[in-house]
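Chemist: Make a model of this:
(2 chains)
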Amino acid sequence: MSAVQTSLRANAAWRWWELALGVVALLSLFFAGSHALLLNEIAILALFALSLDLILGFAGIVSLGHAAFFGFGAYVAALFAKHVMPDPLVGLVVAMVASAGLGALSSVLVLRGSDLTRLMVTLGVAAVLYELANKLDWLTGGADGLQGVAMGPLLGRFEFDLYGRTAYAYSLVVLVLGVFIARRVVHSPFGYSLKALRDNRLRATSIGMSVNARLAAVYTLAAALAGVAGALLAQTSGFASLDGLDFHRSADVMLVLVIGGTGYLYGGIFGAIAFKLLHDVISAWTPQYWTFWLGLFLLVLMLVGRDRLIRPWTWMKKR
Amino acid sequence: MLTLLFDGIAYGMLLFVLAVGLAVTMGLMNFINLAHGAFAMAGGYVTVLLMNRLGVPFLATLPLAFVFTALVGALLERTLYRPMYSRPHLDQVLFSLGLVFMAVTAVDYFIGSQQQMISVPSYLQGRFDLAAVGIGKYRLFIIVICGLLTLALQMVLSRTRFGSRLRAAVDDPRVAQGLGINVNQVFLMTFAVGSGLAGLGGALGAEVLGLDPTFPLKFMVYFLIVVSVGGTTTITGPLLAALMLGIADVMGKYYAPKLGAFIVYTLMIVILTLRPQGLFGHKGAK
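Modeler: Residues are numbered from 1 along each chain as shown, chains lettered A, B, ... in the order given. Reported below is the predicted structural model:
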């Protein structure tokens, strides 16, 4: 085996802390108790942030409209459960396929232009979907949201209960599956090529890489995962609303990812935990003005450099 | 019909004055500043507070709004913005988003979340008919002021020494620096004037656009549309883009109220897909 192969293999090997994280996740299922609803939200947010990490951390596409796929997945899952069949797993697959389709369609839009152009186009797609969902009130319930979604039992056996135990187990399993898939993709040759074109698109092109096809592929994958996250939210809460498509959701998920750190897959998970805890603590203390502290946090984080947050050993060094 | 067109032009001119600072700073430092609307809001609140609490006449508050926001802009540029220029775009987006969050909640906390009302002086109220076109006096006032500002900006950019320095720095900051132009200083000036103009626009627009703490978030997208569609290499580009946006928005709200924002966003996506550099931009060295 050549040296390159060995190092690539070593990169893809499971680390001890990844296994530890899995054990913690498993244990959290049994000790969730009354926190299951919060944990469910964290798991969904983590999956959503993971999907953003694929395009932001690995492919370098700055998106301010990732909520488009989240909200779309949520509406598809809710509508499917309401009008076609209430089985959650089938609904999840349908939402995933639909979001992947939307992602493939809109991926054409993010291939060209500067960061600003991409920012505006992604933001525009989310805004167009928001307006559509708002206007098509016969289908989506408009500003009131889509109510009266009754989910069937999971696997025909486990009912979604009021305490969110089933919901959390369901979301956690999907999140773990999502991490597996993303991990596999990132450590594949495709994943390495993404990093290459993120770091230098011109050079990636000149060694014969089809940049556009790769970007479109990863954008579609990320859209599918985001759609799954949205579908999970709709299914476990029995509700889909405009809030899922709103700008603040795109901004929040970006923040989550940045708190956790981009480009190593687990940033979404750690970020989601930190973000939810931060949110709970600050909004318990000052419910109306918690975004001020959020803004201050962002500002300071960006000024000192966001890479440092997840690398405490660099805090004392000069840049 | 023509009245609508007139209103659209007034709206577009206002958007241009609000966004032109953003266009120039973005072109100059390649910095994505989502917090530009916060400066506009600051200007609006200066006018509102001066008029309602201290009884300063409307016209006198306009220069004050300009000066105040320009000073705030200069201060923030020196202290907070400058270290961010060399960072990746993601950092800049998050940084300025943080600023917006802080501005929104700070205003909410100190002044309150209600919509602010101002009453423009009586000689600017009402409308008159000119060849069967209803013309609002205040809107005419906006067009005149913004038109004069645009002319002045164009003159400064094309005729003065500062303008040529600025254009050189926009084209290639490194070479400009090498030629002995103090790019940092040029940028400080530009940022301050750009923020000041935003503040002035916010003051002028308080009556037309409405003013409440969510202003920076509500209009952020519109400013960014103007800049991205118009391109950052000229100021005529953003001007035309702002006029188009203003007219499209007013017409859209009148003829198809259910689809108003939908049309604007769809148009933007189509334009940016076909011309990623903006309608009037050209591919620069960057």
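
Chemist: Can you pull the residues of the stretch 51-200 of chain A lying near chain B?
Modeler: Neighbours of chain B within the stretch 51-200 of chain A, by CB under 8 Å from any CB of the partner chain: A:56, A:62, A:64, A:108-109, A:112-117, A:119-121, A:123-125, A:127-128, A:131-132, A:135. C-beta: built from backbone N, CA, C; applies to glycine.

Chemist: Apply the buried test to those residues and list what passes.
Modeler: A:56, A:62, A:64, A:109, A:112-117, A:119-121, A:123-125, A:127-128, A:131-132, A:135 (16 or more other CB atoms under 10 Å in any protein chain shown).

Chemist: can you tell me which of those are in helices?
Modeler: Using DSSP state H, the subset of these located in helices is A:115-117, A:119-121, A:123-125, A:127-128, A:131-132, A:135.

Chemist: Nearest to residue A:174 among those?
Modeler: Of all these, residue A:125 has the smallest distance to residue A:174: 24.5 Å, by CB to CB.

Chemist: Model confidence at the closest one, what's the number?
Modeler: Model confidence at residue A:125, given as pLDDT, is 89.

Chemist: so what's the residue nearest to residue A:236 when sequence neighbours are not counted up against?
Modeler: Distances taken as CB to CB, 6 or more residues apart in numbering or on different chains place residue A:167 nearest to residue A:236, at 3.8 Å, with adjacent residues excluded. Residue A:167 is in contact with A:36-37, A:40, A:160-161, A:235-236, counting by CB atoms under 8 Å, 6 or more residues apart in numbering or on different chains.

Chemist: how does it look with 10 Å?
Modeler: A:36-37, A:39-41, A:43-44, A:88, A:151, A:154, A:158, A:160-161, A:232-233, A:235-238 (CB atoms under 10 Å, 6 or more residues apart in numbering or on different chains).

Chemist: Any chance of a PyMOL selection covering the buried ones in those?
Modeler: A single PyMOL command selects the buried members of the contacts of residue A:167 (16+ other CB under 10 Å):
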select buried, chain A and resi 36+37+39+40+41+43+44+88+151+154+160+232+233+235+236+237+238
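
Chemist: Identify the residue spatially nearest to residue A:161, adjacent ones excluded.
Modeler: Excluding the flanking residues, the one nearest residue A:161 by CB to CB, 6+ apart is residue A:167, at 7.9 Å.

Chemist: Tell me how far the one you found lies from chain B.
Modeler: With distances taken as CB to the nearest CB, to the nearest Å, residue A:167 is found 30 Å from chain B.

Chemist: Tell me which helix or strand that residue sits in.
Modeler: Assigned by DSSP states H and E, residue A:167 falls within helix A:165-186.

Chemist: For residue B:8, which non-adjacent residue is closest in space?
Modeler: residue B:247 (3.4 Å).

Chemist: mind checking which helix or strand the one you found is in?
Modeler: In the assignment (DSSP H and E), residue B:247 maps to helix B:236-255.

Chemist: Next, the buried residues of that helix.
Modeler: So, applying 16+ other CB under 10 Å, buried residues of helix B:236-255: B:237-253.

Chemist: State the mean pLDDT of the helix or strand following that helix.
Modeler: Moving toward the C-terminus from helix B:236-255, the next helix or strand (DSSP H and E) is helix B:260-274. Computed over helix B:260-274, the mean pLDDT rounds to 81.

Chemist: same check, this time on stretch B:237-248
Modeler: On average, stretch B:237-248 scores 85.

Chemist: Kindly export it (C-alpha atoms) in CSV.
Modeler: Listed next in CSV are the C-alpha coordinates belonging to stretch B:237-248 (Å, rounded to 0.1, in the frame of the first residue of the first chain):
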residue,chain,number,x,y,z
GLY,B,237,-25.5,50.3,-12.4
PRO,B,238,-27.0,50.5,-8.9
LEU,B,239,-29.0,53.6,-9.9
LEU,B,240,-30.7,51.8,-12.7
ALA,B,241,-31.1,48.6,-10.6
ALA,B,242,-32.7,50.7,-7.8
LEU,B,243,-35.1,52.4,-10.2
MET,B,244,-36.1,49.1,-11.8
LEU,B,245,-36.6,47.6,-8.4
GLY,B,246,-38.6,50.6,-7.1
ILE,B,247,-40.9,50.6,-10.2
ALA,B,248,-41.3,46.9,-10.2
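
Chemist: Can you pull the residues of the stretch 101-250 of chain B lying near chain A?
Modeler: B:101-106, B:108-109, B:113, B:217, B:220-221, B:224-225, B:227-229, B:232 (CB under 10 Å from any CB of the partner chain).

Chemist: Is it possible to mark the buried ones in the residues you listed?
Modeler: Among these, those scoring as buried are B:101-105, B:108, B:217, B:220-221, B:224-225, B:227-229, B:232 (criterion: 16+ other CB under 10 Å).

Chemist: What ranges does chain A have for its helices?
Modeler: A:3-12, A:16-31, A:36-53, A:67-83, A:88-107, A:115-135, A:137-140, A:165-186, A:189-199, A:201-206, A:211-237, A:247-260, A:267-285, A:290-304.

Chemist: Return the most buried member of those.
Modeler: Among the helices of chain A, the stretch with the highest mean neighbour count (mean count of other CB atoms under 10 Å in any protein chain shown) is helix A:67-83, at a mean of 28.

Chemist: Which elements pack onto that one?
Modeler: For helix A:67-83, the packing partners by 3 or more CB pairs under 10 Å, 6 or more residues apart in numbering or on different chains; DSSP states H and E come out as helix A:36-53, helix A:88-107, helix A:115-135, helix A:137-140, helix A:211-237, helix A:247-260.
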